[in-house]
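Novice: With the sequence up front, the predicted model follows.
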Amino acid sequence: MDAPWQTVAYLVASMLLRLAAERVALFIQANVPQHHVWTHFGFLLLRFSYYIGFPYIALLLGALPARYLGLVGLEQLPHATELSTASGLAEPLRIAIAWVLHSWLPHLGQWAGLTIVMAGLLAAVWRLYRYARHATQSNLPPPDMSSSLGDLTALVTVVYAAVHWGFYRAGIWWLSDDLYLGVVGGVALVLTEWGLCAWLAGQPWRRLSSERSLVEASLLVTTATVFYYVPNLWLLIPTHWLLARLCQRLVAASPNLAYRDY
């Protein structure tokens, strides 16, 4: 299979698996007792296979080069391995780390600046949203605050989302050979996937308009913007986590932003 068609196949298979998982999850929740140990570990394994497995297989089989996924510096590791026979294991590892860091250094300032700008933009947007919602729903009781956005700031969730969104972005970038189209197309694919999942789950508008979905969409757009200027997944993950933490604090600070679980 040619590389472009192989990449398309991975993208389509990923979306189809997500849609199938939505149906299976609804069936399991309705028919399997909650907190069942096998169900718990089964979900963990499926999540890991879906979020990490597809990008890893695509990378391993050459369907997507490392730099399109934002794995800056990974291409330097084979050069360090070549030195292992002559210098042992410690020296090539040190050289590889030095090469990786050297490839990051030119972008650290821009990355830090963009992270601050996106944080300020998120804070402004969510404050405006809070005031707009307060003005339109001032006579309504505050929404249920029993749920939280804490899981969005968990390291595993951040890594899964960053890699999964980066996988779609990398696929479009690789197919179009245009970073801008890759960023925009990746965002469009993720939004399409969310829309189809919401449609399968029923009440799509209620699910897509929930504050949780809006927070995830804001993280999707802001991290994609950072990636456009600094295409480095290693640096994007801490940015994603920091922005998710910021959103969590903004939501917790106002009852008008406490999302209801769907």
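Specialist: Thanks, I have the structure now.

Novice: now the protein, which segments are flagged as low pLDDT?
Specialist: 1-3, 25-40, 74-96, 99-100, 137-150, 253-262 (pLDDT under 70).

Novice: can we see that at 80?
Specialist: Within the chain, the segments meeting pLDDT under 80 span 1-3, 22-43, 73-104, 133-150, 201-209, 251-262.

Novice: and the longest helix for it?
Specialist: If each helix of the chain is counted by residues according to DSSP state H, the longest one is helix 90-136.

Novice: Determine the set of other helices and strands touching it.
Specialist: Contacts defined by 3 or more C-beta pairs under 8 Å, 6 or more residues apart in numbering; DSSP states H and E place helix 90-136 against helix 77-82, helix 211-229, helix 233-253. Any C-beta I mention is one placed from the backbone N, CA and C, and that applies to glycine too.

Novice: Show me which positions of the helix or strand just after it end up buried.
Specialist: Once helix 90-136 ends, the next helix or strand along the chain (criterion: DSSP states H and E) is helix 155-176. With burial defined by 16 or more other C-beta atoms under 10 Å, the residues of helix 155-176 counted as buried are 157-175.

Novice: Counting neighbours, what do you get for T192?
Specialist: Using other C-beta atoms under 10 Å, T192 has 12 other residues around it.

Novice: The nearest residue to it once chain neighbours are set aside: what's it in contact with?
Specialist: Among residues not flanking T192 along the chain, M15 sits closest, at 7.7 Å (C-beta to C-beta, 6 or more residues apart in numbering). If you count contacts by C-beta atoms under 8 Å, 6 or more residues apart in numbering, M15 has them with 189, 192-193, 196.

Novice: Can I get stretch 120-133 in CSV? Just the C-alpha atoms.
Specialist: Listed next in CSV are the C-alpha coordinates belonging to stretch 120-133 (Å, rounded to 0.1, in the frame of the first residue of the first chain):
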residue,chain,number,x,y,z
GLY,A,120,-4.3,35.2,28.2
LEU,A,121,-6.7,34.6,25.3
LEU,A,122,-8.4,31.7,27.1
ALA,A,123,-8.8,33.7,30.3
ALA,A,124,-10.4,36.6,28.3
VAL,A,125,-12.7,34.3,26.3
TRP,A,126,-13.9,32.4,29.3
ARG,A,127,-14.5,35.5,31.3
LEU,A,128,-16.6,37.0,28.5
TYR,A,129,-18.5,33.7,28.3
ARG,A,130,-19.1,33.8,32.0
TYR,A,131,-20.6,37.4,31.8
ALA,A,132,-22.7,36.6,28.8
ARG,A,133,-24.1,33.5,30.4
